[in-house]
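Participant: got a predicted model here, sequence first, then my questions.
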Amino acid sequence: MLDKADGQIFTGNVRLVHAVGMHARPAVKLTKLAKKFQAQISVRVEGAAEWINAKSVAKIMAMRAAHGSNIEIKASGSDAEAAVAALVKLVETDFPDEVS
């Protein structure tokens, strides 16, 4: 689900379907994909107070998102909409090895 908020901030919300949650492998895949975009990208477990830099593996792993939790994604910048769409797709398709 994508929403356009104030100005050029795009947001998305996706359920974490990975069986063991956000451990090392999905965290690396998420940050590697996030780094392909110029946008400032932040993520958090739904309801958490703090937004986390989506380009930091350590911070993504420290967020300890469990299987079934909702992940919120927000981005701003020239390719923010594409970044949010790509990250939502990555999470909802359970971090496939081949990312389009």
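Facilitator: Sure, I can see it.

Participant: show me where this structure has helices.
Facilitator: Assignment of helices within the chain using DSSP state H yields the ranges 24-34, 57-62, 80-92.

Participant: minimum distance to Ala49: which of those has it?
Facilitator: helix 57-62 (14.1 Å; Cβ to Cβ). To be clear about C-beta, it is placed using only N, CA and C from the backbone, and glycine gets the same treatment.

Participant: deepest of the helices of the chain, which one?
Facilitator: helix 80-92 (a mean of 20; mean count of other Cβ atoms under 10 Å).

Participant: quick one, that one and helix 24-34 angle?
Facilitator: Note on geometry: by axes from the mean of the first three to the mean of the last three Cα atoms, to 10 degrees, helix 80-92 and helix 24-34 are set 160 degrees apart in direction.

Participant: can you add distance to Lys74 and mean pLDDT and give the helices of the chain back as CSV?
Facilitator: Written out in CSV, the entries for those read as follows (distance: least, Cβ to Cβ, whole Å; pLDDT from 0 to 100):
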stretch, distance to Lys74, mean pLDDT
helix 24-34, 12, 97
helix 57-62, 14, 96
helix 80-92, 7, 97
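
Participant: between these, which gets nearest to Gln40?
Facilitator: Across the helices of the chain, the minimum distance to Gln40, taken as Cβ to Cβ, is reached by helix 80-92, at 7.8 Å.

Participant: quick revisit: format the helices of the chain as JSON lines; extra columns: distance to Ile41.
Facilitator: What follows is the helices of the chain, written out as JSON lines (distance: least, Cβ to Cβ, whole Å):
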{"stretch": "helix 24-34", "distance to Ile41": "5"}
{"stretch": "helix 57-62", "distance to Ile41": "11"}
{"stretch": "helix 80-92", "distance to Ile41": "5"}
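
Participant: which one of those lies nearest to Ser69?
Facilitator: Taking Cβ to Cβ as the measure, the helices of the chain were each checked against Ser69, and helix 80-92 came out nearest at 10.5 Å.

Participant: lowest-confidence helix or strand of the protein?
Facilitator: Scoring the helices and strands of the chain by mean pLDDT, DSSP states H and E places strand 2-4 at the bottom, with a mean of 52.

Participant: since that was my last question, I'll sign off now.
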